[in-house]
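[1] the amino acid sequence is not available; the structure is as follows:
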């Protein structure tokens, strides 16, 4: 059997390369996307490398480097949870039918995981880190060992996390989680951005206490060893390396154990049904407050989907977050204006776009019950109501909060009026483009547009937004007039009711225009939204 | 009931170069259990989609219980129930919520919807999973909840696209029982399938489709003719007789060597 064991590693590596190649063969779009991502990643790696080398000799370089390594390792740990489908060899359940022993399997899978852009990028980072902090030949030698060790720890960490969570990752909940990953990345980027700004303001010295801890945490300790060796503290360097090596061994052990369990027990899909006890739920309290008939029914379904459908939920959370962050953070930094509060209305209004695409091919259930423009009108109006139930209070609160932070209460009525007018315009254009330019939203993965419909989505969203801005022009003009002309200020409060009425009028008009188009194009809409 | 449940004239549909349905004329009698059979890619799903108003034909007309599907959608949609194949449902609703939603969308009073939903969930053996999200249902459970949603408003004609595909025998038997009871009361079921044994045991009327055309239509006994089974008759109709496994696989079987 020893012959079979030694040949497993190249087989798995070749499997990974074939999977990669075949994935690219599927479509030219995918190939282009992959090549583009490789180029961007490599460019990024080179820039990082240059940046890190430039850091060489800086007093606090070590603190920054160990922090970077730790963040990167964290990324490796979290990645399999959010990108489970990224690597098919990562799913050991696919190998379950083959007569394999855990030890050679771990070796083979570990080697295979070192193939790819991710590990290459990480290695570039680690190499740059070593160059930045190593002083002297011994330090470079230690650093070289440290960089390889750190990479192995990162890869083993990702694999161990994936193996430990494979049941979650292959279940529906895991896929739901993956859809929310974009959000985590966006929020994480925001946090990094603010952290970087603070460091930029007060210098790298702020990081020193954190660095002192992290240089003992694997895999950052393996890179930190290069710094210790450069200072002549060879004992410390050896201990740091040993710590990372021990971490690697522990991770491999955990991984091998989970692999064995996975290969010898039934997979998650068959156990799933027995898991959750059925929760008894009556009709929710909200439902009783909603209007009767189609309006309430559609509203209830729409609101449930905001919470339950991962795609819809992540779109909403993004809109809510950006709608709040832009005006409030700008006000906080003293660069804001009350009018930025309109961002909340604008962002949330986007949710009215591509209403039927959000239904996916389940739209047929709606189509089967629409037989007149009146039905379509009630359907669209109910969806707008559901949206307003969240948007109206939210936009109001954001506007009031922004006003309070800027202490510009005189401008509150006109900012609110402008918000309501914009919201109305977004609902109107959203309803119309939903009927005229529907497109599919793929349910799996991170894309929000099905291949081949990107043009449609652009026309729908950007054309619609431009139209919404145009529709708001009268209110914008009146706001400017009220601020510029001599006696205009005393009339500014009228912009609140005026904006609200104008917005409501726009919405009704938009729905009336959209309804006959929806009713007349049901099969075409269904075909357009069924591609995902 | 008498007359035709469905009347199709000169129905065409092309997708790019490919002709999916090539000029179909079809009359399906009311009150029958009707099977639309044919191999994969024969155009069954395309035909059913056009008959139910989910797909616009390039040419031709469709009447369901005397009303034109495209000119009089209100009359038709109120009278038909549909279980399409390959289309999603609102799967982030629980089974019961899905029925409540569908019934109210169809304009039935809320209390009546809830009463019917409870009975359908019971009969279809879904009561235990009624609060689970449909996205977590198995294939058989999905077909059953889809059937419940299609039956909720008591349609005159029920269109089912591959209702038994991927369904376990127990669920299949349940679905069968419900459909037999439904047709016994005078309603019409039109369902597509490529499993001949199933069609033979269920239907009293069949239409055979192949390559976008109707090859035969009529009462089961008539279409079957002198053949031993519908399967045999079907293979003769679509001209797939006489294909044998051949001798190429002579190494297969007989234990490992």
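    Structure's in. What do you need? Bear in mind the structure is a predicted one, so any value in this text is a computation, not a measurement. Numbering: from 1, shown residues only, chains lettered A, B, ... in the order given.

[2] in contact with residue B:149, which residues?
    Shown in contact with residue B:149 (CB atoms under 8 Å, 6 or more residues apart in numbering or on different chains): A:365, B:83, B:89, B:98, B:99, B:102. Bear in mind the C-beta positions are built from the backbone N, C-alpha and C, glycine included.

[3] so which strand or helix has it?
    Secondary structure from DSSP states H and E places residue B:149 in helix B:139-151.

[4] same question, residue A:229
    helix A:220-230.

[5] returning to what we had before: quick one: buried residues of the helix holding residue B:149?
    For helix B:139-151, the buried set under the neighbour-count rule, 16 or more other CB atoms under 10 Å in any protein chain shown, comprises B:140, B:141, B:142, B:143, B:144, B:145, B:146, B:147, B:148, B:149, B:150, B:151.

[6] quick check, nearest of those to chain A?
    Chain A has its nearest neighbour among these in residue B:149, at 7.4 Å by CB to the nearest CB.

[7] what is the mean pLDDT for the longest helix along chain A?
    Counting by DSSP state H, the longest helix found in chain A is helix A:373-406. Taken as a whole, helix A:373-406 has an average pLDDT of 93.

[8] please apply the same query to stretch A:255-265.
    The average pLDDT within stretch A:255-265 is 78.

[9] do stretch A:161-177 as well
    What stretch A:161-177 shows for mean pLDDT is 69.

[10] do the same with stretch A:439-453
    72.

[11] same question, stretch A:504-513
    On average, the pLDDT along stretch A:504-513 is 96.

[12] which residues touch residue A:252?
    Counting by CB under 8 Å, 6+ apart, residue A:252 touches A:106, A:110, A:156, A:160.

[13] try it again at 7 Å.
    Taking CB atoms under 7 Å, 6 or more residues apart in numbering or on different chains, we find residue A:252 in contact with A:106, A:156.

[14] so it is in which element?
    Element membership of residue A:252, judged by DSSP H and E, is helix A:234-264.

[15] over to residue A:346?
    Assigned by DSSP H and E, residue A:346 belongs to helix A:342-349.

[16] for that helix, what is the distance to the chain centroid?
    20 Å (CA atoms, centre = their mean, to the nearest Å).

[17] so which helix or strand of chain A has the lowest pLDDT on average?
    helix A:268-275 (a mean of 44; mean pLDDT, DSSP states H and E).

[18] contacting residues for the nearest residue to residue B:110 once chain neighbours are set aside?
    Excluding the flanking residues, the one nearest residue B:110 by CB to CB, 6 or more residues apart in numbering or on different chains is residue B:104, at 6.2 Å. Contact partners of residue B:104, counting by CB under 7 Å, 6+ apart, are A:297, B:110, B:113.

[19] per-residue pLDDT, residue B:104?
    93.

[20] number of nearby residues for residue B:158?
    Neighbourhood size, residue B:158 [other CB atoms under 10 Å in any protein chain shown]: 23.

[21] kindly provide the distance from it to residue A:356.
    Residue B:158 sits 25 Å away from residue A:356, going by CB to CB, to the nearest Å.

[22] picking up where we left off before, give me the buried positions along the helix or strand just after the helix holding residue B:149.
    Under the assignment DSSP H and E, the closest C-terminal helix or strand after helix B:139-151 is strand B:157-161. Residues of strand B:157-161 classed as buried under the neighbour-count rule (16+ other CB under 10 Å) are B:157, B:158, B:159, B:160, B:161.

[23] same for the helix or strand containing residue A:36, what does it pack against?
    Per DSSP H and E, residue A:36 falls inside helix A:28-54. On a contact count with 3 or more CB pairs under 7 Å, 6 or more residues apart in numbering or on different chains; DSSP states H and E, helix A:28-54 meets helix A:8-25, helix A:117-133.

[24] chain A contacts on chain B?
    Applying CB under 7 Å from any CB of the partner chain, we find that chain B lies next to chain A at B:54-56, B:73-74, B:77, B:82, B:84, B:87-90, B:92-93, B:101-102, B:104-106, B:128-129, B:131-132, B:135-136.

[25] spell out which residues of the stretch 301-450 of chain A are next to chain B.
    Residues of the stretch 301-450 of chain A lying close to chain B by CB under 7 Å from any CB are A:301, A:304-305, A:308-309, A:360-362, A:364-365, A:367-369, A:371-372.

[26] hmm, residue A:211 and residue A:67 touching each other?
    Yes. In this structure, residue A:67 is within contact of residue A:211 by CB atoms under 7 Å, at 6.3 Å.

[27] more neighbours, these two?
    residue A:211 (22 against 19).

[28] check contacts around residue 229.
    No chain specified, so I'll use chain A. Applying CB under 7 Å, 6+ apart to residue A:229 gives the contacts A:138, A:139, A:142, A:237.

[29] you answered for a different chain; I wanted chain B.
    By CB under 7 Å, 6+ apart, residue B:229 lies in contact with residue B:200.

[30] for stretch B:61-68, what is the average pLDDT?
    94.

[31] okay, the angle between the helix holding residue A:229 and helix A:234-264?
    Helix A:220-230 runs at 160 degrees relative to helix A:234-264, counting by axes from the mean of the first three to the mean of the last three CA atoms, to 10 degrees.

[32] quick one: distance of helix A:220-230 to the chain centre.
    Here helix A:220-230 is found 34 Å from its chain centre; the criterion is CA atoms, centre = their mean.

[33] angle of that helix against helix A:117-133?
    Between helix A:220-230 and helix A:117-133, the angle comes out at 30 degrees (the same axes, to 10 degrees).

[34] quick check: buried residues in helix A:220-230?
    Residues of helix A:220-230 classed as buried: A:220, A:221, A:222, A:223, A:224, A:225, A:226, A:227, A:228, A:229, A:230 (neighbour count, 16+ other CB under 10 Å).

[35] my guess is residue A:431 meets residue A:511, correct?
    Yes. In this structure, residue A:431 is within contact of residue A:511 by CB under 7 Å, at 5.1 Å.

[36] which one's more surrounded, the two?
    Neighbour count, other CB under 10 Å: between residue A:431 and residue A:511, residue A:431 has more, with 30 against 24.

[37] so what's the more buried one up against?
    By CB under 7 Å, 6+ apart, the contact list for residue A:431 reads A:352, A:380, A:384, A:510, A:511, A:514.

[38] where does the single nearest residue of the stretch 1-150 of chain A relative to chain B fall, phi/psi-wise?
    Of all residues in the stretch 1-150 of chain A, residue A:99 sits closest to chain B, at 15.3 Å by CB to the nearest CB. Dihedral pair for residue A:99: phi -80, psi 80, per degrees, to the nearest 10.

[39] tally of neighbours for it?
    By other CB under 10 Å, 6 other residues sit near residue A:99.

[40] can you pull the pLDDT of residue A:135?
    Listed pLDDT for residue A:135 reads 80.

[41] any idea how far residue B:11 lies from residue B:74?
    For residue B:11, the distance to residue B:74 - CB to CB - is 22 Å.

[42] the two: which has the busier surroundings?
    Using other CB under 10 Å, the more surrounded residue of residue B:11 and residue B:74 is residue B:11, with 24 against 13.

[43] in chain B, which spans are strands?
    In chain B, the strands defined using DSSP state E lie at B:4-15, B:18-29, B:33-37, B:59-64, B:67-68, B:80-83, B:157-161, B:188-193, B:205-210, B:213-219.
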